[in-house]
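**Student:** kindly generate the corresponding structure for this input.
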Amino acid sequence: MELREIIEAINEEKQKVGGIENVVWLAAGGSYGGFYPGHYFLDQEAKKLRSKNITSNEFVQAPPAFVGENTVAVVCSMRGTPETIEAAKVVKKLGAATIALYVDESELTEVCDFKFVYDSVAVDSSDFSKTNAAYGLKIAMLLLDVVEGYEHVSVALQSFEGVDSAYRQAVTDIRTKAIKWALQNRESKSIHVLGSGATFGAAYIFSICNIMEMLQIDSPTVNCCDFFHGPFEVINEETSVFLLVGEGGSRSNDERAARFLQEFGGKNVFLLDAQDLGLNKFDSKVSEHFNHLIFSPILNNVFMRELAYQIKKDYMTRTYMWKAQYN
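**Tutor:** Next up, the predicted model:
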């Protein structure tokens, strides 16, 4: 079944209990961050639908009271993370309709009502309009259109057709800057990542998955708005800061942070602008919701890899993951 057919089937079934009222996004790590654009879209655009993005094990231990028969749960795991499978079981017992996003079949795809395979963001040959983040966003757009109606649905869905080519052009356009950034930061012991609005999920993934997990470098993630409520006190000429400047309503917040960093920061401040990645070529009615779909793979596949090369780090090695017992 196509995504719209899945959403329409769920919506028809849920009419028996009053319709779809809530959407929960369940995943862990990078998959959790990958749901940010879908959640952010509904948070911004929906008038009635409630959306909550929650990490798998947090949901297992403390599911929100609103989750029940009027809920759609979108659950993502590349290969079947145990706590995500458990989250799917819990949310299904609570009466929610479940959609699994996956790369490899696992118990997750057995538990969920519907399943949809996606392309990995870390694989160069992937179609970047078919990643987990892209499908999460498309599900959010279709849910809004089916349940409430979404006036920009046609241009939004058409915009997915330009994602892969925009990403590939951005890879070419930004590589020289990425090499320069990696050279300047190869001695950095900590890299602060800033973003806001629709870019915050990409900033979060860059910190926890790319810099901390893959390169084992400390990396706080800070919202550009909250930057001025504490975190800016650590800025000096040596502080390494990576700022995402996005398209959309929160761009002015990113630009405010940029002005401060340009005045008080030093050579290790780097700004990655959505307009340099071609996001301003998307229709302005929907462009902000596509920030993540370009930013996140660029950060993983260009910036993280360039820094790994400069510090002579095999980014597939881990200290604890796949080794230490933590369950």
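**Student:** what about D254, which SS state?
**Tutor:** Secondary structure, DSSP: H, G, I helix; E, B strand; the rest coil: D254 is helix.
**Student:** for it, list the residues it contacts.
**Tutor:** Listed by CB atoms under 8 Å, 6 or more residues apart in numbering, the contact partners of D254 are 194-197, 199, 224, 243-246. Heads up, the C-betas are built off the backbone N, CA and C, glycines and all.
**Student:** and the lengthiest helix in the chain, which residues are buried?
**Tutor:** The helix that spans the most residues within the chain, counting by DSSP state H, is helix 163-185. Buried positions in helix 163-185, judged by neighbour count with 16 or more other CB atoms under 10 Å: 163-164, 166-167, 170-171, 174, 177-179, 181-182, 184-185.
**Student:** stretch 257-266 now?
**Tutor:** Those buried within stretch 257-266 under the rule 16+ other CB under 10 Å are 257-258, 260-261, 265.
**Student:** who's in contact with the residue most central in space within the chain?
**Tutor:** With distances taken as CA atoms, centre = their mean, the residue of the chain nearest its centroid is G34 (2.8 Å). G34 makes contacts with 27, 76, 121, 131-133, 136, 201, 205, 292, 296, as judged by CB under 8 Å, 6+ apart.
**Student:** one more time with 10 Å
**Tutor:** By CB atoms under 10 Å, 6 or more residues apart in numbering, the contact list for G34 reads 25, 27, 53, 76, 101, 118, 121, 131-137, 201-202, 204-205, 209, 292-293, 296.
**Student:** that one and K323: what is the separation?
**Tutor:** Distance, G34 to K323, by CB to CB, to the nearest Å: 24 Å.
**Student:** can you give the contact residues for the helix or strand containing L108?
**Tutor:** Using DSSP states H and E, L108 sits within helix 107-111. For helix 107-111, contacts defined as CB under 10 Å, 6+ apart pick out 75-82, 84-89, 91-92, 98, 100-102, 115-117.
**Student:** just the ones of those residues in strands?
**Tutor:** Judged by DSSP state E, the subset of the contacts of helix 107-111 located in strands is 75-76, 98, 100-102, 115-117.
**Student:** out of the residues you listed, which one sits closest to K312?
**Tutor:** C76 (32.5 Å; CB to CB).
**Student:** tell me the SS of L194?
**Tutor:** Relying on three-state DSSP, one would call L194 strand.
**Student:** skipping adjacent residues, who's closest to it in space?
**Tutor:** Distances taken as CB to CB, 6 or more residues apart in numbering put L243 closest to L194, at 4.5 Å, once the chain neighbours are dropped.
**Student:** that neighbour: neighbouring residues, count only.
**Tutor:** L243 has 27 neighbours, counted by other CB atoms under 10 Å.
**Student:** can I assume it is in contact with A274?
**Tutor:** No - contact criterion CB atoms under 10 Å: L243 and A274 do not qualify, at 11.5 Å.
**Student:** what residues of stretch 270-285 count as buried?
**Tutor:** By neighbour count on 16+ other CB under 10 Å, the buried set for stretch 270-285 is 270-274, 277-279, 282.
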